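Asker: Provide a 3D model corresponding to the input given below.
(2 chains, ligands or ions: 2)
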Amino acid sequence: METIKLVYPVEGGDLIEAGEASSKMKLTLKKLGLPQDVIRRASICMYEGEINMVIHADGGQAEVEIDPGQIRICMTDTGPGIPDVQQAMQEGFSTAGQTARELGFGAGMGLPNIKRYSDEMHIDTQLGKGTTVTVLIKIPQ
Amino acid sequence: MQLSQIRDILKARVLCGEDHLDREVFSACGSDFMSDVLAFVKNQALLLTGLVNPQVVRTADMVEMKCIVFVRGKVPSQEIVDLARERDIVVMTCAKRMYEACGLLYSKGLRGNCDGDD
Ligand SMILES: Nc1ncnc2c1ncn2[C@@H]1O[C@H](COP(=O)(O)OP(=O)(O)OP(=O)(O)O)[C@@H](O)[C@H]1O
Ligand SMILES: [Mg+2]
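Answerer: Ligands and ions are numbered 1, 2, ... in the order given. Predicted coordinates:
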């Protein structure tokens, strides 16, 4: 299998539509016949990252690279950045506003979930510039 | 537990997936927080929630849940039901409150099977 590269723009502002990119990626991974566990972990990581880009950063872009041995998901936004990554990674920490909370977000568990389900996770963030969350999911051979 | 049993125990109304009530679920999760649902990954699971919006369906789909039960008499819009049907998820609504709905199913043997308990 050659490397497959997919790019998904993520619209900001619209929390109702948010998650479309993750749904599409999940379908593609299914078509490729990847193991269910791999699909599920990648989908959860992408969904959490996608929702975060919509709630906290007015949208962004997700790039997904699928190699025989791994899936790499790179989610980049030009939002406000994360002032304290260690704090943001703590379960329960959230700055989500009222609208997001009404839709069921803001438990402060998104980033911890990404950590839990990925094999590797990196956050690059710069205040006022934006955030990139990179996630690696290994595909067992 | 079969979905038809769940319908009967909760006196729920099925909004889509009538033909799939012979499907089985082995565990359940009750939550109004989506990330809390995503922290719960089990095969063939059921979601009970009092939240009604498309994100509930998308969230359930990410972890391949078989069925969503909306509690407190919440009835989702047609758009939400259609989204679930496209994803092959059975949708029900019941009048019971969250605590009671979860308690009833738990007492009939449908457990959470979350990490750390059994
Ligand atoms: N892309 C981002 N840009 C700016 N801040 C972010 C971004 N992603 C996360 N954060 C910050 O990190 C915090 C924790 O994120 P996390 O996803 O864990 O929780 P949440 O989004 O607040 O709630 P949940 O994910 O449980 O619905 C957020 O509340 C926000 O302050
Ligand atoms: Mg989040």
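Asker: show me the shaky parts of chain A.
Answerer: A:1 (pLDDT under 70).
Asker: how many other residues sit next to the residue of it found nearest ligand 1?
Answerer: In chain A, the residue that lies nearest ligand 1 is A:Gly110 (2.3 Å; Cβ to the nearest ligand atom). Placement of C-beta: from N, CA and C, glycine included. Around A:Gly110 there are 29 other residues, counting by other Cβ atoms under 10 Å in any protein chain shown.
Asker: quick one, helices of chain A?
Answerer: A:20-31, A:36-57, A:85-88, A:98-102, A:110-117 (DSSP state H).
Asker: got the CA coordinates for the longest one in PDB?
Answerer: Okay, so that is helix A:36-57. The C-alpha trace of helix A:36-57 is given here as PDB (Å, rounded to 0.1, in the frame of the first residue of the first chain):
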ATOM      1  CA  GLN A  36     -11.800  -2.100  13.800                       C
ATOM      2  CA  ASP A  37      -9.800  -1.100  16.800                       C
ATOM      3  CA  VAL A  38      -7.500   1.100  14.700                       C
ATOM      4  CA  ILE A  39     -10.400   2.800  13.000                       C
ATOM      5  CA  ARG A  40     -12.100   3.400  16.300                       C
ATOM      6  CA  ARG A  41      -9.000   4.900  17.900                       C
ATOM      7  CA  ALA A  42      -8.200   7.100  14.900                       C
ATOM      8  CA  SER A  43     -11.900   8.200  14.700                       C
ATOM      9  CA  ILE A  44     -12.000   9.200  18.400                       C
ATOM     10  CA  CYS A  45      -8.700  11.200  18.200                       C
ATOM     11  CA  MET A  46      -9.800  13.000  15.000                       C
ATOM     12  CA  TYR A  47     -13.300  13.800  16.300                       C
ATOM     13  CA  GLU A  48     -12.000  15.200  19.600                       C
ATOM     14  CA  GLY A  49      -9.400  17.300  17.700                       C
ATOM     15  CA  GLU A  50     -12.000  18.400  15.100                       C
ATOM     16  CA  ILE A  51     -14.400  19.500  17.800                       C
ATOM     17  CA  ASN A  52     -11.700  21.300  19.600                       C
ATOM     18  CA  MET A  53     -10.800  23.300  16.500                       C
ATOM     19  CA  VAL A  54     -14.400  24.300  16.100                       C
ATOM     20  CA  ILE A  55     -15.000  25.200  19.800                       C
ATOM     21  CA  HIS A  56     -11.700  26.700  20.700                       C
ATOM     22  CA  ALA A  57     -10.200  27.900  17.500                       C
END
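Asker: bridging residues for the residue lying closest to A:Leu32 once chain neighbours are set aside?
Answerer: Leaving aside its chain neighbours, A:Leu32 sits nearest to A:Ile66 (6.9 Å; criterion: Cβ to Cβ, 6 or more residues apart in numbering or on different chains). Judged by DSSP bridges, the bridge partners of A:Ile66 are A:Ile4, A:Ile71.
Asker: mind listing what A:Ile66 touches?
Answerer: A:Met1, A:Thr3, A:Ile4, A:Lys5, A:Leu6, A:Leu29, A:Leu32, A:Leu34, A:Arg72 (Cβ atoms under 8 Å, 6 or more residues apart in numbering or on different chains).
Asker: quick check: residues of chain B near ligand 1?
Answerer: Within chain B, the residues that sit near ligand 1 (Cβ under 6 Å from any ligand atom) are B:Ser35.
Asker: any regions of chain B where pLDDT drops low?
Answerer: In chain B, residues with pLDDT under 70: B:114-118.
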